[in-house]
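Peer 1: Whatever this is, show me its structure:
(one chain, ligands or ions: 1)
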Amino acid sequence: MTTSRSRSITRLHRDPQKLAGARFDALVIGGGINGAGIARDLTLRGLRVALVEKEDFASGTSSASTKLIHGGLRYLENYDFKLVFESCRERRILQNIAPHLVRPLPFFIPVYQDDPRPLWMIRAGLTLYDFLAMFRNTHHHRILAPGPAVGLEPALRPEGLSGVPQYWDCRTDDARLCLENILSAAEAGGVMLNYMEAKTLTPTGDGWRLGLEDRESGAELETEARVVVNAAGPWLDRICALAEPAGGGKKLRLTRGTHIVVPRINRGNEALYLTAGRDDRLFFVLPWGSLSLVGTTDIDFEGDPDQVRPTSADIDYLLEETSRHLQDVRIDRSQVVASFAGLRPLLAADGGQASKASREHKIFTGGPGLYSIGGGKYTTYRAVAAEVAAQVAERIGRGGGPSLTHRIPLPGGRTGHFQSFLFRNTRTLAREFGLPPAVLEYLLGQYGSRTSSLLSLLHHEPDLIHPIAPGSPLLKIQVAYAVDCELARTPEDILRRRTSKALNSGRGLDEIEGVADLMALRLGVSAERRRQWIDTYHRRFASPFGEE
Ligand code: FAD
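Peer 2: You can find the predicted model right below:
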């Protein structure tokens with residue numbers, strides 16, 4: 001990493017005028033992981049690209065996932081070998097291009113005598129899992145006897161325990177990984193706009209004219225593109241309806257997945273992969289700093305995707321199933337710290353139980369250059385993006401050839417071997433800035449090789465070294481950097497997605513005033529807008545169960 005003095009800061013400005021009256025090779029609708037990945041791939045191919053996102057980047061499903069970059073062990077039950085193979089390959093690639101954000105995590109699968117999946121079955125599955133990863137995962141699986149396993153994870157109920165398989169996948173920060181794709185596309189010349197909604201789509205003969213609404217100013221504007229990529233996730237059918245008002249049928253089946261954050265219940269460093277007693281579904285208990293993240297549910301959803309919230313039934317399911325499995329763990333609603341829900345945009349063709357529906361993706365084409373992406377999972381976004389981008393490039397007649405995204409690191413990913421990077425830079429930066437090593441480790445894990453650029457703000461504004469509120473782990477510098485260099489436009493963008501403060505103790509309620517003050521100053525917004533930000537934040541995060 002270059003020193004903070006030698007590294008210049010790339011400031012990013014949200015500039016809607018870059019869209020007005022312009023004509024792009026491709027315009028991507030949706031700033032979740034799929035849209036961000038596609039925009040990055042297309043800009044790296046040298047195409048003229050814009051992306052519009054109606055809320056903040058990653059505000060849809062891409063900040064509501066379980067945050068795993070995984071091969072998908074349970075898909076073996078559905079014989080989805082191709083998907084598992086591809087996911088294991090992508091897990092390795094993402095560890096290379098974003099080593100700060102995609103890090104190995106060990107998992108325990110406690111197997112009990114009366115479980116629907118006996119030990120031999122899990123052992124066979126994990127052998128196949130290692131094989132499909134071509135034995136190139138961080139570690140191979142192993143089976144722990146009950147005694148040693150309970151020694152490592154005292155929360156496991158020992159009665160009837162047959163054995164505990166241990167295997168490795170990766171965890172990520174889903175919203176930040178999405179953001180890094182957006183930043184990479186912006187650095188490569190793409191026009192990336194959050195709070196910009198696509199309202200109309202009109203074919204022009206050799207492309208599309210789009211009517212857009214700037215949700216910050218209320219202004220309406222028009223832009224044109226030869227190709228439109230519909231990466232609107234759960235909103236995909238709505239965008240298709242804009243393009244084909246006569247209707248092309250429902251392409252997606254949406255299922256709601258809820259997570260809860262609770263006091264730490266898994267006492268070791270491993271994640272737990274548990275079987276729900278009432279329906280044999282698998283769910284996770286993950287370490288979440290000093291807390292645990294529990295999820296998820298998988299329930300068909302027919303409503304408005306803008307209105308998805310955790311339901312009481314979802315929360316009770318997760319609380320009851322977790323308490324059932326672990327000894328001395330009795331959690332109830334009063335202990336829930338935070339909760340969130342998101343929608344899986346699965347392919348409609350799949351009937352039957354939601355959790356058994358395939359996670360394969362499909363590219364739907366229609367009109368004069370409309371590509372709509374359904375299905376898929378977070379882990380495989382880069383491969384899906386490469387496939388879509390190749391088709392778009394072929395249609396445009398430029399930018400063909402293989403994708404570059406598997407070998408160019410994401411903006412914070414130029415770390416080399418991550419543990420060595422962490423060790424080296426923690427010491428150097430502690431000397432330079434006098435910050436405690438634990439704080440630097442956290443920053444290096446979030447911002448990777450961009451940490452020096454973040455800290456270089458201190459050369460001109462040394463006051464930014466302080467917490468945003470007394471006792472808060474959130475530093476003013478993170479807020480300033482999110483505004484100046486990460487396109488944050490509201491406090492929620494920072495507290496929920498640039499950082500995950502909203503999903504931790506206090507849910508960012510102690511920080512909201514300080515964040516709003518600093519943002520208002522930097523963005524030059526009115527006192528009234530500042531007040532609205534705070535009111536909206538309280539409405540959404542005052543309760544651990546979300547907006548009522
Ligand atoms: P989204 O992230 O929803 O992005 C679509 C965006 O389009 C939204 O931000 C929306 O605001 C925007 N948009 C909609 N309409 C418009 C418009 N008119 N104009 C402009 N913008 C618009 N996968 C994994 O690999 N690992 C996991 O651990 C995992 N866990 C999951 C857990 C749950 C509960 C769920 C629901 C999914 C999980 N997945 C996981 C799957 C993964 O999260 C999704 O496949 C992925 O995030 C979908 O991304 P997307 O970009 O397609 O959709």
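Peer 1: And the spatially most central residue of the chain, how close does it get to residue 241?
Peer 2: Centroid check for the chain by Cα atoms, centre = their mean gives residue 174 as the closest residue, at 2.0 Å. Distance of residue 174 to residue 241, given as Cβ to Cβ, to the nearest Å: 28 Å. Any C-beta I mention is one placed from the backbone N, CA and C, and that applies to glycine too.
Peer 1: that older thread, report the contact partners of the residue nearest to the centre of the chain.
Peer 2: 33, 58, 62-65, 67, 378 (Cβ atoms under 8 Å, 6 or more residues apart in numbering).
Peer 1: If we check the ligand, which of those are in contact?
Peer 2: 33, 62, 64-65, 67, 378 (Cβ under 6 Å from any ligand atom).
Peer 1: got the contact list for the residue in the stretch 251-400 of the chain positioned nearest to the ligand?
Peer 2: Residue nearest to the ligand within the stretch 251-400 of the chain: residue 257 (2.2 Å; Cβ to the nearest ligand atom). Residues in contact with residue 257 (Cβ under 8 Å, 6+ apart) are 64-66, 295-298, 341-344.
Peer 1: Looking at those residues, which one is closest to residue 539?
Peer 2: Each of the contacts of residue 257 was checked against residue 539 using Cβ to Cβ; the closest is residue 341, at 16.5 Å.
Peer 1: Could you count how many residues lie near residue 213?
Peer 2: 18 (other Cβ atoms under 10 Å).
Peer 1: element containing the nearest residue in space to it that is not next to it in sequence, please.
Peer 2: What sits nearest to residue 213 in space, not counting adjacent residues and going by Cβ to Cβ, 6 or more residues apart in numbering, is residue 197, at 4.8 Å. In the assignment (DSSP states H and E), residue 197 maps to strand 196-203.
Peer 1: Once you drop chain neighbours, what's closest to the residue in the stretch 1-150 of the chain that the ligand sits nearest to?
Peer 2: For the stretch 1-150 of the chain, the residue closest to the ligand is residue 32, as judged by Cβ to the nearest ligand atom, at 2.1 Å. Using Cβ to Cβ, 6+ apart and skipping residues adjacent in sequence, the residue nearest residue 32 is residue 62, 3.9 Å away.
Peer 1: List the contacts of whichever helix or strand residue 120 is part of.
Peer 2: Using DSSP H and E, residue 120 maps to helix 119-132. Residues outside helix 119-132 that contact it (Cβ under 8 Å, 6+ apart) are 71, 73, 76-77, 81, 84-85, 88, 109, 111, 137, 140-141, 143, 162-163, 165, 167.
Peer 1: Show me which residues of the stretch 151-300 of the chain are close to the ligand?
Peer 2: Counting by Cβ under 6 Å from any ligand atom, the residues of the stretch 151-300 of the chain close to the ligand are 197-198, 231-235, 239, 257, 296.
Peer 1: For PyMOL, write the select line for the buried members of those residues.
Peer 2: To isolate the buried members of these in PyMOL, using 16 or more other Cβ atoms under 10 Å:
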select buried, resi 198+231+232+233+234+235+239+257+296
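Peer 1: Pick out the lowest-pLDDT one from the residues of the stretch 151-300 of the chain next to the ligand.
Peer 2: Within the set of those, pLDDT is lowest for residue 296 (93).
Peer 1: Give me the secondary structure label for the closest residue to it other than its chain neighbours.
Peer 2: Closest residue in space to residue 296, ignoring its immediate chain neighbours: residue 257 at 3.9 Å, by Cβ to Cβ, 6+ apart. In three-state terms, and counting by DSSP: H, G, I helix; E, B strand; the rest coil, residue 257 is strand.
Peer 1: How about the residues of the protein by the ligand?
Peer 2: Counting by Cβ under 6 Å from any ligand atom, the chain comes close to the ligand at 29-35, 52-55, 59-62, 64-68, 70, 197-198, 231-235, 239, 257, 296, 342-345, 376-379.
Peer 1: of these, buried ones?
Peer 2: With burial judged by 16+ other Cβ under 10 Å, the buried subset of the residues of the chain next to the ligand is 29-35, 52-55, 59-62, 64-68, 70, 198, 231-235, 239, 257, 296, 342-345, 376-379.
Peer 1: I'd like to know how many residues surround residue 532.
Peer 2: By the measure other Cβ under 10 Å, the count of residues near residue 532 is 14.
Peer 1: average pLDDT across whatever helix or strand it lives in?
Peer 2: In this assignment (DSSP H and E), residue 532 forms part of helix 527-541. The average of the pLDDT scores along helix 527-541 is 97.
Peer 1: Equivalent analysis for stretch 273-282, please.
Peer 2: 88.
Peer 1: Please apply the same query to stretch 461-480.
Peer 2: Mean predicted confidence for stretch 461-480 is 97.
Peer 1: Identify each buried residue in it, please.
Peer 2: Counting neighbours by 16+ other Cβ under 10 Å, stretch 461-480 gives 464-465, 467-469, 472-480 as buried.
Peer 1: outside of it, which residues touch it?
Peer 2: For stretch 461-480, contacts defined as Cβ under 8 Å, 6+ apart pick out 433, 435, 439, 442-443, 454-455, 457-458, 494-495, 498-499, 501, 508, 510-511, 513-515, 518-519, 522.
Peer 1: Check the stretch 401-548 of the chain for the residue nearest the ligand and tell me.
Peer 2: Counting by Cβ to the nearest ligand atom, the stretch 401-548 of the chain gets nearest the ligand through residue 497, at 10.5 Å.
Peer 1: nearest residue to that residue other than its sequence neighbours?
Peer 2: The shortest distance from residue 497 to any non-neighbouring residue, by Cβ to Cβ, 6+ apart, is to residue 175 (3.9 Å).
Peer 1: Over to residue 493?
Peer 2: Nearest non-adjacent residue to residue 493, counting by Cβ to Cβ, 6+ apart: residue 56, 4.6 Å away.
Peer 1: in the stretch 301-450 of the chain, which segments are predicted with low confidence?
Peer 2: Applying pLDDT under 70 to the stretch 301-450 of the chain flags the ranges 350-356.
Peer 1: Could you pick out which of the residues of the chain next to the ligand are located in strands?
Peer 2: If you go by DSSP state E, the residues of the chain next to the ligand have 29, 52, 68, 197-198, 257, 342-345 in strands.
Peer 1: which ones are touching the nearest residue to residue 371 once chain neighbours are set aside?
Peer 2: Distances taken as Cβ to Cβ, 6+ apart put residue 229 closest to residue 371, at 5.0 Å, once the chain neighbours are dropped. Residues near residue 229 by Cβ under 8 Å, 6+ apart: 26-29, 35, 38, 371-373, 388, 392.
Peer 1: The residue lying closest to residue 362 once chain neighbours are set aside: neighbouring residues, count only.
Peer 2: Distances taken as Cβ to Cβ, 6+ apart put residue 374 closest to residue 362, at 5.2 Å, once the chain neighbours are dropped. By other Cβ under 10 Å, 25 other residues sit near residue 374.
Peer 1: Check residue 334 too.
Peer 2: 6.
Peer 1: ok so, going back, state whether the residue nearest to residue 362 is indeed within a strand.
Peer 2: Yes. According to three-state DSSP, residue 374 belongs to a strand.
Peer 1: Now for it: which residues touch it?
Peer 2: Contact partners of residue 374, counting by Cβ under 8 Å, 6+ apart, are 236, 251-252, 345-348, 361-362, 364.
Peer 1: how does it look with 6 Å?
Peer 2: Residues in contact with residue 374 (Cβ atoms under 6 Å, 6 or more residues apart in numbering) are 236, 251-252, 347, 362.
Peer 1: before we move on, back to that, most neighbours, which of the contacts of residue 229?
Peer 2: Of all the contacts of residue 229, residue 28 has the most neighbours under the rule other Cβ under 10 Å, reaching 35 neighbours.
Peer 1: Find the helix or strand that residue 424 is a member of.
Peer 2: Per DSSP H and E, residue 424 falls inside helix 418-433.
Peer 1: for residue 514, that is, sorry about that
Peer 2: Per DSSP H and E: residue 514 is located in helix 512-523.
Peer 1: How about residue 105?
Peer 2: Taking DSSP H and E as the definition, one finds residue 105 inside strand 103-108.
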